[in-house]
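> Sequence first, then the predicted structure:
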Amino acid sequence: MTIVASGRAASATAPAASDKGVGPLLRAWRERRRVSQLELALRADSSARHISFIETGRSRPSEEMVLRLAEHLDVPVRERNSLLLAAGYAPHYPETPLDDPALDALRDGMERLIQGYEPYPALVVDAGYTVVAANRGIAMLLDGVPEKLLSPAPNAMRLTLHPEGMAPRIRNLREWRGHLLAQMERQIALERSDRLRALYEEVAAYPVPEEDAPGGEPDEPVAYFALPLRIELGGRILSFVSSISTFNTPMDVTVAELAIETFLPADPATAKYLHTLAG
């Protein structure tokens with residue numbers, strides 16, 4: 001069963017024009033990417049002098065130049081709109097509600113993808129980790145999670161780290177929690193999102209056990225190729241490694257902020273158990 005959140009995907013803070021102007025914003029992105037003015041100029045087919053003039057406000061960049069610099073600095077799509085507004089231009093990228101008919105093909109494709117991944121877990125989240133869609137593998141992992149965490153719009157970070165969510169069943173909670181918090185920190189460094197920062201502060205404040213829960217070791221040692229999520233389910237310990245996919249060169253803010261996370265069995269026992277349940 002696929003679970004699709006109703007309405008539009010929740011978004012990060014809406015873009016707003018900066019009172020600092022586009023120059024300081026571009027300089028901040030360049031410094032964040034650790035790119036010199038000369039290197040950026042070469043990438044953008046410009047000159048270091050012109051880049052300097054833009055950053056100091058002595059020259060107003062064209063709309064095309066703003067977009068070109070943003071592209072070469074790998075600025076998130078939402079923030080590209082913010083740069084355009086700061087330069088006095090209209091936003092270039094639309095933000096289409098996820099339930100808009102224009103995105104029917106996208107929603108259908110995502111649902112087919114995560115359903116086809118069964119019996120392994122897969123879900124789709126937005127920039128604030130609100131769950132947009134999930135397959136039966138995820139529903140299986142959420143067994144026993146209280147309704148208050150599942151509605152009206154479940155949040156993947158809360159579901160995982162809340163003491164009434166999956167956290168008590170995660171056998172390597174400290175490691176997995178550290179991985180998730182580091183992931184959020186990297187995202188916050190790229191996006192000016194008060195909502196995301198508030199979520200980070202909330203989940204980071206959840207209680208942490210002094211040590212991970214014991215037990216459930218496989219009969220034979222397993223050399224994991226990535227940090228696994230080790231979670232108890234029905235008296236068994238299942239191990240997964242996750243992979244996150246995003247859309248290539250998105251032209252819409254909503255689409256740019258969607259991420260598909262799939263969980264691959266990290267050992268033969270987990271794969272066998274899931275296929276047995278599905279069979």
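Okay, I see it.
> and the helix or strand in which Leu40 is found, what does it pack onto?
Element membership of Leu40 [criterion: DSSP states H and E] is helix 37-43. If contacts are counted by 3 or more Cβ pairs under 8 Å, 6 or more residues apart in numbering; DSSP states H and E, helix 37-43 sits against helix 48-56, helix 63-72. Glycine gets a C-beta too; all of them are placed from N, C-alpha and C.
> Identify the residues contacting the following helix or strand past the longest one?
The C-terminal neighbour of helix 63-72 among helices and strands, as given by DSSP H and E, is helix 77-86. Contacting residues not belonging to helix 77-86 are listed as 11-12, 15-18, 20-22, 25-26, 29, 63, 66-67, 70, 75, 90-93, 95, 127, 190-192, 250-253, 256-257 [Cβ atoms under 8 Å, 6 or more residues apart in numbering].
> Would you mind checking those for buried ones?
Listed as buried from the contacts of helix 77-86 are 11-12, 15, 18, 21-22, 25-26, 29, 66-67, 70, 75, 91, 93, 95, 127, 191-192, 252-253, 256-257; burial here means 16 or more other Cβ atoms under 10 Å.
> Just the ones of those in helices?
22, 25-26, 29, 66-67, 70, 253, 256 (DSSP state H).
> can you put the residues you listed in a markdown table and add pLDDT?
Shown next, in a markdown table, are these (pLDDT from 0 to 100):
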| residue | pLDDT |
| --- | --- |
| Val22 | 96 |
| Leu25 | 95 |
| Leu26 | 97 |
| Trp29 | 94 |
| Val66 | 98 |
| Leu67 | 97 |
| Ala70 | 97 |
| Val253 | 96 |
| Ala256 | 95 |
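> between those, which is closest to Ser59?
Val22 (10.5 Å; Cβ to Cβ).
> how about the strands in this structure?
3-4, 122-125, 131-134, 229-233, 236-245, 259-265 (DSSP state E).
> Within its sheet, name the partner strands of the longest one and how each one runs.
Take DSSP bridges as the rule and strand 236-245 pairs in its sheet with strand 229-233 (antiparallel), strand 259-265 (antiparallel).
> Distance to Phe53 and mean pLDDT added to the strands of the chain, as TSV?
Converted to TSV, the strands of the chain look like this (distance: least, Cβ to Cβ, whole Å; pLDDT from 0 to 100):
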stretch	distance to Phe53	mean pLDDT
strand 3-4	48	46
strand 122-125	41	98
strand 131-134	43	96
strand 229-233	50	95
strand 236-245	39	95
strand 259-265	37	97
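> Lowest average confidence across helices and strands of the protein, where is it?
Of all helical and strand segments in the chain, the minimum by mean pLDDT, DSSP states H and E falls on strand 3-4, at a mean of 46.
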